[in-house]
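In: coordinates for the following, if possible.
(2 chains)
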Amino acid sequence: GAGVSQSPSNKVTEKGKDVELRCDPISGHTALYWYRQSLGQGLEFLIYFQGNSAPDKSGLPSDRFSAERTGGSVSTLTIQRTQQEDSAVYLCASSYRDRGPGANVLTFGAGSRLTVL
Amino acid sequence: GDSVTQMEGPVTLSEEAFLTINCTYTATGYPSLFWYVQYPGEGLQLLLKATKADDKGSNKGFEATYRKETTSFHLEKGSVQVSDSAVYFCALSDRGGTASKLTFGTGTRLQVTL
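Out: Okay, here's the model as predicted:
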C-alpha cells in the first residue's frame, strides 16, 4: 500500500476485555515496529520485527501483550485482559532497509487510539 | 540504557522567529540521531537525520548537527512559519547503519503564531 495502515483507528473497550490491533506495513518493508504513545510520555518502544529473525520483544510491558507478524507482512498486536493504564495511541511503523543509510527511516501509521474504561 | 532528553514544551514563537529545540542523548556505541515531526492529525514523519559525529542533517529549513562531545542534536530553524506548528521528537537508534529500535524523547510541541 501507499502508507502504513492501522486499524481500528479508535477502540473503546471495557477493562478485562482482549483487544487486537492490526498493522499493514508498506509493501516490501522488511522491518516493522510497534510503539505506544501515552499523554506526556513520548513514544515507548514495544516490539520490533525484522525479516525472519526472532522479534525484539524487550519493550513489551507485561505478558498480557503479544504481537505476531504473519508472512512477513501484516502484524497484530494483542492485549489481553486490558487495564485502564493500557489506554494510549498504539503506533505501527515500518522501514524498508535493514542496514545502510536507509536503515531506521521509519514510516509511521496514523495509530490506533485505545481507551479502556 | 539509551535515553533521549528534550526540552519541555510548549514552545510558542511568533512567525519568522528563530527556533531552537534542545535534545541531548545517552547511548553506548555510535548511535544515529533523528528528528521526527508530528503535524496535527497526522502520523510521525522523518524530518532529518545524522548518522555520525559532526554530520548535519537538514530539511525544510530545519538543521541539526550531531555533536558527540556534548551528546547533543539540537534542532534549529532560522525563521519559523505557522505551518511549522507541530510536535517534534528527537530519537536515536542504538546501532547506526542497521535496523534497530528507536528510542524517542517525550516530544516538544511548537506553536507558531502570526
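
In: where does chain A have low pLDDT?
Out: A:1, A:40, A:97-103 (pLDDT under 70).

In: so which residues of chain A form strands?
Out: Applying DSSP state E to chain A gives strands spanning A:5-7, A:10-13, A:19-24, A:31-38, A:42-50, A:65-69, A:75-79, A:88-95, A:107-108, A:112-116.

In: tell me how far the second one lies from the chain's centre.
Out: Put plainly, it is strand A:10-13. Its chain's C-alpha centre and that of strand A:10-13 lie 16 Å apart, by C-alpha atoms, centre = their mean, to the nearest Å.

In: okay, now the sheet partners of it, with direction.
Out: Under the criterion DSSP bridges, strand A:10-13 sits next to strand A:112-116 (parallel) in its sheet.

In: how far away is the spatially most central residue of chain A from A:A54?
Out: Closest to where the C-alpha atoms of chain A average out (C-alpha atoms, centre = their mean) is A:W34, at 2.8 Å. Counting by C-beta to C-beta, to the nearest Å, the separation of A:W34 from A:A54 is 15 Å. (C-beta placed from N, C-alpha, C; glycine too.)

In: sorry, back to before: mind putting the strands of chain A into a markdown table with distance to B:E16?
Out: As requested, these are exported to a markdown table (distance: least, C-beta to C-beta, whole Å):
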| stretch | distance to B:E16 |
| --- | --- |
| strand A:5-7 | 37 |
| strand A:10-13 | 38 |
| strand A:19-24 | 40 |
| strand A:31-38 | 31 |
| strand A:42-50 | 29 |
| strand A:65-69 | 45 |
| strand A:75-79 | 43 |
| strand A:88-95 | 33 |
| strand A:107-108 | 30 |
| strand A:112-116 | 35 |
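
In: from A:N10, how far off is the spatially most central residue of chain B?
Out: Residue closest to the mean C-alpha point of chain B, counted by C-alpha atoms, centre = their mean, is B:W35 at 3.3 Å. For B:W35, the distance to A:N10 equals 28 Å [C-beta to C-beta].

In: next structured bit after the lowest-mean-pLDDT helix or strand in chain B?
Out: Lowest by mean pLDDT, DSSP states H and E among the helices and strands of chain B is strand B:102-104, with a mean of 89. Downstream of strand B:102-104, the first helix or strand assigned by DSSP states H and E is strand B:108-113.
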